[in-house]
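Participant: What would the 3D arrangement of this be:
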Amino acid sequence: MLKCYICLFFLLICSTLIALIANAQDVPENILQNPDFEKPTNAPWTMWVEDPNAQAVMSIDNKERIEGKQSLLIDIKKKGGGKRVELHQNPLILKKGQKLTFAFWAKVPKDEIRDAKMIVNHRADPWTSYMFKNITIKWEWTEFFNTFTMSADDNIAGVYIELIDNPGQIWFDHFRLYEGNYIEENLGEKGSKSVDVKNKLTSTWAKIKTL
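Facilitator: Okay, the predicted model is just below:
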């Protein structure tokens, strides 16, 4: 019986490792940098405020997050004239015919909602838009995504989120821009999506022992 348990345990180890390797191979390359805001600064993300009378602050927040230990907070402290506050990352080199998915997570304080736009475009005149989608950010962490095909080669493309300068807080985390259709991720508990192989094996081994 002991030999049977040992064989089952080693089979479990092998199958778990094979599954992890397969999952890792299936994850497409993320074109965006610092997508989870785990660096000490928000670079290379930038914020643009259209109305000089509005006031908005961008900072790293280690209290709210859906992935890792930090997120990005945009805090619009002073109302402007209903103009734009935008979160950007550019330049990006994208190719005509590329099928891409742009995805990210966002939230606002409890019982609030905020309309926004997610956009991929050429970051200079004529500001050609490759992808545009209206979204509504709610107080629970929600993932927003859209798949599109590039209509031209572009070496100064960019992604951005467009907000209006109404006062309030908006958190962002886990941005992705990658080739192919949307791929759902299981991030698990807030702030972590990692698979703890040791704990997973221990838990499963305990179940085997009780058979």
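Participant: Tell me how far the closest residue to Leu73 other than its chain neighbours lies from Pro44.
Facilitator: Leaving out its chain neighbours, the residue that sits closest to Leu73 by Cβ to Cβ, 6 or more residues apart in numbering is Asp61, at 4.1 Å. C-beta coordinates here come from the backbone N, C-alpha and C atoms, glycine included. Relative to Pro44, Asp61 is positioned 18 Å away (Cβ to Cβ, to the nearest Å).
Participant: same check, this time on Pro167
Facilitator: Taken as Cβ to Cβ, the span from Pro167 to Pro44 is 27 Å.
Participant: Same question for Glu67.
Facilitator: In terms of Cβ to Cβ, Glu67 sits 18 Å off from Pro44.
Participant: So if I had to pick from the two, which one is more boxed in?
Facilitator: Glu67 (23 against 13; other Cβ atoms under 10 Å).
Participant: Quick check: which element contains the more buried one?
Facilitator: When elements are assigned from DSSP states H and E, Glu67 belongs to no helix and no strand.
Participant: Tell me if I'm right that it and Asp173 touch.
Facilitator: Yes - with contacts counted by Cβ atoms under 8 Å, Glu67 reaches Asp173, the gap being 5.5 Å.
Participant: any residues in contact with both of those two?
Facilitator: Asp36, Trp105 (Cβ atoms under 8 Å, 6 or more residues apart in numbering).
Participant: now the strands: where do they sit in the chain?
Facilitator: Per DSSP state E, the chain has strands spanning 46-49, 55-61, 71-78, 84-94, 99-107, 114-122, 129-137, 142-149, 154-164, 168-179. These are given in chain order.
Participant: what pairs with the fourth one, and is each one parallel or antiparallel?
Facilitator: Which is strand 84-94. Sheet pairing for strand 84-94, assigned by DSSP bridges, gives strand 46-49 (antiparallel), strand 154-164 (antiparallel).
Participant: can you redo these as CSV with mean neighbour count?
Facilitator: Below are those laid out as CSV (neighbours: other Cβ atoms under 10 Å):
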stretch, mean neighbour count
strand 46-49, 16
strand 154-164, 20
